[in-house]
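Engineer: please find the sequence and the predicted model below.
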Amino acid sequence: MAGGFRYKVWDPPLIISQIITMQAVFYVGLGIWVATLDLFTGHHRSLDSLFKYQELQVKEVHGRTVMAAFILNALTSSLGLWKVVQRTKQCLDFTVTAHVIHLCASWWYNGHLPSQPSVWLLNLVTITLMCVLGEYLCMRTEMQHIPVLGSSKVDL
């Protein structure tokens, strides 16, 4: 396919490898943000901060810190979308997939789904941030490949 951006062929190995890579970006970024912010608050580092719903309490300093880590991770993960996925149309798909996998892992870790509205609201905010910023970055990159100036004009 000469001059095309990417083949539009069903490629399961590519999709699976992108999902695995985005999940790694999501958890590595989240782990780094939680560990960094925990250094400032003096809270102990554990997997509970990543997976336990009870850690996401608005009334506690540590809960707000973990929420901030999730929001900062949405920004970091959008960079992963930009570098790994590279397609504006697929940003929502990969964003929701990463969050659904995290929801399933948290469900398994806790043994039940979250009942706190703050957890669901946080997920909605992080999905929105990650998707919109990822789409913006991908769109800017895709638009660079479209020649606007200096192209030959066709007389009609």
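Structural biologist: Arrived safely.

Engineer: now for G31, how many residues are close by?
Structural biologist: When neighbours are counted by other CB atoms under 10 Å, G31 registers 16. Glycine gets a C-beta too; all of them are placed from N, C-alpha and C.

Engineer: what does the one 10 residues further on give?
Structural biologist: Each residue near T41 was counted by other CB under 10 Å, and the total is 11.

Engineer: how much space between it and G63?
Structural biologist: If you measure T41 against G63 using CB to CB, to the nearest Å, the figure is 10 Å.

Engineer: what separates the strand or helix carrying C131 from the chain centre, distance-wise?
Structural biologist: Per DSSP states H and E: C131 is located in helix 117-144. In terms of CA atoms, centre = their mean, to the nearest Å, the centre of helix 117-144 is set 7 Å apart from its chain centre.

Engineer: by mean pLDDT, which helix or strand of the chain comes out lowest?
Structural biologist: One helix or strand of the chain scores below all others by mean pLDDT, DSSP states H and E: helix 48-51, with a mean of 88.
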